[in-house]
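J.: Can you look at this prediction? I've put the sequence above it.
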Amino acid sequence: MHLRQALRRTHTRIALTAVAVASVLLLAAGLTALRANTQDNLELMARSLVYNVEPALVFGDKLDAAESLARMVRDEGVAEATVWDARGNVFAQWMAPNWLPCNCGHQLARVLGLKVAAQEVRASGVVIGRVELSSNGQRMLAFLLWGGLALMVCMAASVVVGHIVSRRIHRSIVKPLQELGRVARAVHRERAMGQRVPLADIDELRELGEHFNALLDELEARQLHLQQENLVLEHKAYHDGLTGVFNRVYFELRLMVALRQAAQTHGRLALLFLDLNHFKAVNDNHGHAMGDLLLKAVAQRTQRQVRDADLVARLGGDEFVVLLLEPHSREAVQQVARKIQEAVQAPLVADGGVVLQPSVSIGMALFPEDGQTMEALMAAADGAMYAAKQHFRAGA
Ligand SMILES: Nc1nc2c(ncn2[C@@H]2O[C@H](COP(=O)(O)OP(=O)(O)OP(=O)(O)O)[C@@H](O)[C@H]2O)c(=O)[nH]1
């Protein structure tokens, strides 16, 4: 069952019970008071009748007694009024016309214990007759009917009010709870950390919403921190710390994938191996920092000579490698190698006016003709670079 239905049901039950209990108690109290008042009235009227019918009894004037009866009790809620003579015979009588299909008022009066009001008629201290009055109970019946009607109206009003109250409560309690659920679901399923719950009007729920939002703030900050850390770690894992180009791990991964794809599509690949000449002398003569500067310059200069899709990596020390994807021909690769060599070997002016004259040996290998596995291709490029270095040494 939904909370809204439960609230509506509970409110309606409480309201109906309260109205019913209050109405029954009020009706009971009202009837008791009315019964006492009716009994008093009957007694009072019986006493008045005694004085009015006494002359008629003394003179035996039944007509006058009947007129007195009718005149006095007609509109006073009396069911039956009887005057008895001293011998116990009916001297005069008046009976109220009954408009109702049943004798409900009279029966109600009996149920409520309303007694017949009786008074003796005396003349000169001698009992000459008796007067008896019984109530028709119609005032009490009317009270009961109007009270019942009012009870119905109150109950209908309670149902309406219960409905309105439950809707208000639903809006102020259930809606905020639904919002909490919606945001929690979005965070859980879609990792939507940017979502926040709107704050409710009810203090306790607003406090809950504030705590929830604070928790989301913290989670979002942690997630951001983790993402940044992951990026840094990923960068560290695949990049060379000094030069910023890719490292050996990443190069080997990419070469493996490129070889597989090239084998499937009958494509071509080219590998250039670079090794600086006499790099040790730079370190020795100008210091390690100058050596680092040269390594960074070599990385940048090489990177500038290739396309974005190609890959430059530092294998370690003064060794670099370039992976060229889909080269047109061996001549095209040789041309790229020449461009790289020219760029790297341009003079490098360091701070303090020191001018370095870098030199590099480059070896190349092509897939598939020079090697079909990663190891074979790298060995071929390394061999070619070694041959170029030997050539350089022989010339130097
Ligand atoms: N500044 C600097 N030097 C490094 C770094 N890593 C390696 N080296 C040095 O680079 C040099 C590389 O050695 P080699 O390649 O044998 O020296 P080379 O003088 O270039 O010898 P050839 O290649 O035969 O011409 C070594 O002296 C290493 O100490 C680095 O990160 N920074």
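T.: Now that the structure is in, tell me what you want to look at.
J.: Assess the claim that Tyr238 and Phe246 are in contact.
T.: Yes: at 6.0 Å, Tyr238 counts as touching Phe246 under the criterion of CB atoms under 8 Å. To be clear about C-beta, it is placed using only N, CA and C from the backbone, and glycine gets the same treatment.
J.: So these two - more neighbours on which side?
T.: When Tyr238 and Phe246 are compared for neighbours, Phe246 comes out ahead with 22 against 16, by other CB atoms under 10 Å.
J.: Quick check: beta-bridge partners of that one?
T.: When assigned by DSSP bridges, Phe246 has beta-bridge partners His239, Ala313.
J.: Now for it: which residues touch it?
T.: Phe246 makes contacts with Tyr238, His239, Asp240, Arg254, Leu311, Val312, Ala313, Arg314, as judged by CB atoms under 8 Å, 6 or more residues apart in numbering.
J.: Just put those residues in a markdown table and tack on distance to the ligand and pLDDT.
T.: Shown next, in a markdown table, are the contacts of Phe246 (distance: CB to the nearest ligand atom, whole Å; pLDDT from 0 to 100):
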| residue | distance to the ligand | pLDDT |
| --- | --- | --- |
| Tyr238 | 18 | 96 |
| His239 | 14 | 97 |
| Asp240 | 9 | 97 |
| Arg254 | 22 | 96 |
| Leu311 | 20 | 97 |
| Val312 | 16 | 98 |
| Ala313 | 14 | 98 |
| Arg314 | 9 | 98 |
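J.: Go ahead and build a PyMOL selection from the buried members of those residues.
T.: Typed into PyMOL, the line below selects the buried ones among those, using 16 or more other CB atoms under 10 Å:
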select buried, resi 238+239+240+254+311+312+313+314
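J.: in the stretch 201-350 of the chain, what residue is nearest the ligand?
T.: Residue of the stretch 201-350 of the chain nearest the ligand, by CB to the nearest ligand atom: Gly291 (2.5 Å).
J.: Please name the spatially closest residue to that residue (chain neighbours excluded).
T.: Asn283 (4.1 Å; CB to CB, 6 or more residues apart in numbering).
J.: And for Lys296?
T.: Distances taken as CB to CB, 6+ apart put Thr243 closest to Lys296, at 5.1 Å, once the chain neighbours are dropped.
J.: can you tell me how far that neighbour sits from Gln138?
T.: To Gln138, Thr243 is 112 Å away according to CB to CB, to the nearest Å.
J.: just Leu112 next, same as before
T.: The gap separating Leu112 from Gln138 is 13 Å, by CB to CB.
J.: How about Gly209?
T.: Distance from Gly209 to Gln138, counting by CB to CB: 62 Å.
J.: Flag every buried residue along the lowest-mean-pLDDT helix or strand in the chain.
T.: In the chain, the helix or strand scored least confidently by mean pLDDT, DSSP states H and E is helix 104-111, which has a mean of 77. Residues of helix 104-111 classed as buried by neighbour count (16+ other CB under 10 Å): Cys104, Gly105, His106, Leu108, Ala109.
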